[in-house]
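Q: Provided below are the primary sequence and the corresponding predicted coordinates.
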Amino acid sequence: MNMGRAVLRPVDATNWLEVIQLQVAEDQRHFVASNLFSLAQAKIFDRYVPLAIYEAAVPQALVGFATYGPHLPSELPWIDRLMSDARFQRRGVGRAAMLALMERIQHERPGPMRISYEPDNQAAEALYASLGFMPTGEVLEGEIVREWRPPTP
Ligand SMILES: CC(C)(COP(=O)(O)OP(=O)(O)OC[C@H]1O[C@@H](n2cnc3c(N)ncnc32)[C@H](O)[C@@H]1OP(=O)(O)O)[C@@H](O)C(=O)NCCC(=O)NCCS
């Protein structure tokens, strides 16, 4: 069943252990850093905003994790990490989380935003393409870069 809307909440004393326990499938581990690594990175570098992804209809249901923030030197907002726990994949978590992240970023800093992924990450590519992220032609640290732009009025 599709999960519907996603709610993004801070990672705090109430959920950080649960966030660290979220896992992607074994064959997806090379696509994304562990949540433990990403939380450590966010603790050190202010620019990463870590967020826990919950299912809106089931407020206690933690289903994924993401980080976003301004990317230096351009300061363009980037979605740096996105993962759905393996138990909840293909139920609309990734799409719902992306929509919630995009809305949040648009609210904070209207304009383009970027994301990147490993060239063989077909799930990520299909998801980002379907949300309107277009290839920029750039490759950053081996990852394909895509950019979303708000529709022109
Ligand atoms: C990418 C990821 C976040 C998608 O999460 P999800 O909760 O399964 O996503 P959804 O159920 O919302 O699916 C959204 C779209 O992603 C694509 N997709 C998801 N899983 C897929 C798979 N196994 N194969 C092909 N496409 C896939 C599809 O286009 C899907 O749309 P559809 O269901 O209409 O066909 C998830 O696969 C994941 O956590 N992967 C490991 C970490 C990762 O690669 N993160 C991205 C790093 S840039």
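A: On my side now, so go ahead. Residues are numbered from 1 along each chain as shown.
Q: Straight-line length of stretch 135-153, end to end?
A: The first and final residues of stretch 135-153 sit 22 Å from each other (C-alpha to C-alpha, to the nearest Å).
Q: Run through who's touching that stretch.
A: Residues outside stretch 135-153 that contact it (C-beta atoms under 8 Å, 6 or more residues apart in numbering): 76, 102, 106, 110-119, 125, 128-129, 131-134. C-beta here means a position set from N, CA and C on the backbone, and glycine is covered the same way.
Q: cutoff 6 Å now
A: By C-beta atoms under 6 Å, 6 or more residues apart in numbering, the residues outside stretch 135-153 that reach it are 112, 113, 114, 115, 116, 117, 118, 119, 128, 132, 133, 134.
Q: repeat for stretch 68-81
A: Where contact means C-beta under 6 Å, 6+ apart, the residues beyond stretch 68-81 that reach it are 38, 47, 48, 49, 66, 67, 101, 105, 109, 113, 114, 115.
Q: Contact distance from the ligand - what residues of this protein qualify?
A: Among all residues of the chain, those adjacent to the ligand (criterion: C-beta under 6 Å from any ligand atom) are 24, 28, 31-32, 82-84, 89-95, 117, 121-124, 126-127, 130.
Q: Give me the buried subset of the residues you listed.
A: 24, 28, 31-32, 82-84, 89, 91-95, 117, 121, 124, 127 (16 or more other C-beta atoms under 10 Å).
Q: element containing residue 39?
A: Using DSSP states H and E, residue 39 falls within helix 35-44.
Q: So which elements touch that helix?
A: Judged by 3 or more C-beta pairs under 6 Å, 6 or more residues apart in numbering; DSSP states H and E, helix 35-44 is in contact with helix 16-21, strand 58-71.
Q: do that again at 10 Å, thanks
A: Other helices and strands packing on helix 35-44, by 3 or more C-beta pairs under 10 Å, 6 or more residues apart in numbering; DSSP states H and E, are helix 16-21, strand 49-55, strand 58-71, strand 76-84.
Q: Need those in CSV (columns: distance to residue 3).
A: Conversion of the helices and strands packed on helix 35-44 to CSV gives the following (distance: least, C-beta to C-beta, whole Å):
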stretch, distance to residue 3
helix 16-21, 17
strand 49-55, 5
strand 58-71, 7
strand 76-84, 10
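Q: just checking, what packs against the longest helix seen in the chain?
A: Using DSSP state H to define each element, the chain has its longest helix at helix 93-108. Packing partners of helix 93-108 (3+ C-beta pairs under 10 Å, 6+ apart): strand 6-10, strand 49-55, strand 58-71, strand 76-84, strand 113-117, helix 122-130, strand 143-148.
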